[in-house]
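[1] the following block contains a protein sequence and its predicted model.
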Amino acid sequence: MKSAKFIENKIDDLKQRSLTIGSYIGETPLFPIQKLHSNKDVKIFAKLEWQQFGGSVKARPAYRIIRDAIKNGKLDQTKHLLDASSGNTGIAYAHVGAALDIPVTLCLPENASEERKQILKALGVNLKLTSRSGGTDEAQGVAKSIFEEQPEKYFYADQYSNPSNWKAHYDTTGPEIWDQTDHTLTHFITGLGTTGTFTGTARFLKEQYPDIQLIGLQPDLAMHGLEGWKHLETAITPKIYDSSVPDEIRTVSTEEAHEVVKLTARKEGLLISPSSGANLAGALQLAEQLDEGVIVTIFPDDTSKYGEIFNQLF
Ligand code: PMP
């Protein structure tokens with residue numbers, strides 16, 4: 001039987017290590033998109049979120065969810081972190097979990113890319129594959145039922161409902177963008193998945209500059225290939241989504257996104273993911289409609305985990 005003191009020390013050690021990892025998350029560059037639009041009175045910047053621990057925007061919420069759960073005594077090395085993720089959040093949980101010796105169990109649709117599954121396996125994740133047709137909604141349902149069967153074994157992170165998700169962006173992504181644009185931005189536009197990136201960043205920016213325009217993007221209703229994105233009309237609405245935050249919701253098709261991925265490679269020298277292409281497609285449309293302004297969007301990750309699409313496009 002381990003003494004209470006031993007357990008307390010272990011938890012202190014875990015808290016300390018989780019703070020150390022936190023210093024390798026965030027502080028990503030803001031990149032000026034210069035050659036893809038002709039309206040010179042509008043500036044477009046994209047935040048290069050792959051330049052951090054785990055290679056995607058999801059480092060921020062995954063770390064914050066884990067840190068908050070450790071702080072609140074809901075997670076330690078005796079429990080499995082459990083969640084549903086189409087990829088990036090899972091990979092981010094896996095990196096942070098491995099570094100902190102916290103086991104990770106993930107439910108994800110079987111059609112998630114092989115590269116992603118391999119990364120997760122390499123990081124020691126216990127994978128539960130769900131059907132392709134059920135998509136992320138089914139994966140979420142399976143995660144919930146695993147938790148309900150054995151609540152003592154798991155910490156159910158539930159990124160779609162967990163406020164630590166949007167708070168990560170409120171406390172980091174938003175302030176970084178505000179400072180990196182020298183407080184000049186006029187429009188923030190990004191895609192909606194769990195909606196954490198949009199909701200947290202937008203809330204912070206609105207408090208700094210009440211006239212800012214906040215635009216959420218969703219895929220069109222065709223079977224889309226925009227990893228991480230959801231249709232607001234047809235998918236389960238994430239609990240953390242607040243419909244009072246966006247000034248406008250726009251739609252981008254997978255084809256437009258792919259076209260922009262190609263252009264960005266050839267004209268800006270960046271290899272971006274399909275959802276980054278979709279975000280930039282939205283920003284470019286917006287730029288054509290404005291007389292002047294400063295638009296910021298997000299590049300959640302790069303092409304490295306999208307081998308199949310990459311081969312089709314280039
Ligand atoms: N793009 C990619 C590639 C993602 O992995 C995600 C996260 N699911 C998003 C966009 C959407 O971000 P969020 O979940 O914060 O809405």
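    On my side now, so go ahead.
[2] how about the secondary structure of A69?
    Going by DSSP: H, G, I helix; E, B strand; the rest coil, the secondary structure assigned to A69 is helix.
[3] tell me the SS of the nearest residue to it once chain neighbours are set aside?
    Nearest residue to A69 in three dimensions, chain neighbours excluded: L75, at 3.7 Å (Cβ to Cβ, 6 or more residues apart in numbering). Where C-beta positions appear, they are placed from N, C-alpha and C, glycine not excepted. Per three-state DSSP, the local secondary structure of L75 is coil.
[4] any part of the helix or strand encompassing I177 near the ligand?
    For I177, the host element (DSSP states H and E) is helix 174-180. No - Helix 174-180 lies out of reach of the ligand by Cβ under 6 Å from any ligand atom, never closer than 12.7 Å.
[5] only alpha carbons, please: show the helix or strand following that helix as PDB.
    Going down the chain from helix 174-180, the next helix or strand is strand 187-191, by DSSP H and E. Extracted in PDB, the C-alpha atoms of strand 187-191 (Å, rounded to 0.1, in the frame of the first residue of the first chain):
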ATOM      1  CA  HIS A 187     -11.700  40.000 -39.300                       C
ATOM      2  CA  PHE A 188     -11.100  36.500 -37.900                       C
ATOM      3  CA  ILE A 189     -12.200  33.600 -40.000                       C
ATOM      4  CA  THR A 190     -11.700  29.800 -39.300                       C
ATOM      5  CA  GLY A 191     -13.400  26.400 -39.700                       C
END
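[6] how near is the closest residue to E115 other than its chain neighbours to G90?
    Leaving aside its sequence neighbours, E115 sits nearest to K305 (Cβ to Cβ, 6+ apart; 4.9 Å). Distance of K305 to G90, computed by Cβ to Cβ, to the nearest Å: 11 Å.
[7] equivalent analysis for P61, please.
    12 Å.
[8] with F31 instead?
    According to Cβ to Cβ, F31 stands 26 Å off from G90.
[9] who has more neighbours, these two?
    Applying other Cβ atoms under 10 Å to F31 and G90 shows that G90 carries more neighbours, namely 31 against 16.
[10] quick one on the thing from earlier: for the residue nearest to E115, list the residues it contacts.
    By Cβ atoms under 8 Å, 6 or more residues apart in numbering, the contact set of K305 is 55, 87, 113, 115-116, 119, 273.
[11] before we move on, back to that, the residue nearest to A69: neighbour count?
    By other Cβ under 10 Å, the residues close to L75 number 24.
[12] what of the one 3 residues further on?
    Using other Cβ under 10 Å, T78 has 11 neighbouring residues.
[13] mind pulling up the pLDDT for the residue nearest the centre of the chain?
    The residue lying closest to the centre of the chain (Cα atoms, centre = their mean) is K58, at 3.9 Å. Listed pLDDT for K58 reads 96.
[14] any idea how far it is from T89?
    4 Å.
[15] please apply the same query to E268.
    27 Å.
[16] which of the two has more neighbours?
    The residue with more neighbours, out of E268 and T89, is T89; 29 against 17, by other Cβ under 10 Å.
[17] coming back round to it: so which of the contacts of K305 belong to helices?
    In helices, judged by DSSP state H, the following of the contacts of K305 are found: 115-116, 119.
[18] would a markdown table of those residues with neighbour count, pLDDT and distance to the ligand be doable?
    Output for those, formatted as a markdown table (neighbours: other Cβ atoms under 10 Å; pLDDT from 0 to 100; distance: Cβ to the nearest ligand atom, whole Å):
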| residue | neighbour count | pLDDT | distance to the ligand |
| --- | --- | --- | --- |
| E115 | 15 | 83 | 13 |
| R116 | 19 | 85 | 10 |
| I119 | 20 | 92 | 13 |
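[19] kindly indicate which of those lies nearest P109.
    Each of the ones in helices among the contacts of K305 was scored against P109 by Cβ to Cβ, and R116 proved nearest at 10.7 Å.
[20] contacting residues for the closest one?
    Contacts of R116 by Cβ under 8 Å, 6+ apart are 87, 90-91, 108, 305.
[21] I'd say I309 and P274 touch.
    Yes - contact status for I309 versus P274: in contact at 6.1 Å, counting by Cβ atoms under 8 Å.
[22] now the common contact residues for those two.
    In contact with both I309 and P274: 225, 258, using Cβ under 8 Å, 6+ apart.
[23] who's more crowded, those two?
    Neighbour totals were compared for I309 and P274, and P274 leads with 26 against 20 (other Cβ under 10 Å).
[24] just the pLDDT for that one.
    So, for P274, pLDDT stands at 94.
[25] return the residues in contact with it.
    225-227, 254, 257-258, 261, 306, 309.
[26] neighbour-wise, give me the winner out of those residues.
    A257 (28 neighbours).
[27] hang on, it in a strand?
    No - read with three-state DSSP, A257 is helix and lies in no strand.
[28] I am finished for the moment; much appreciated.
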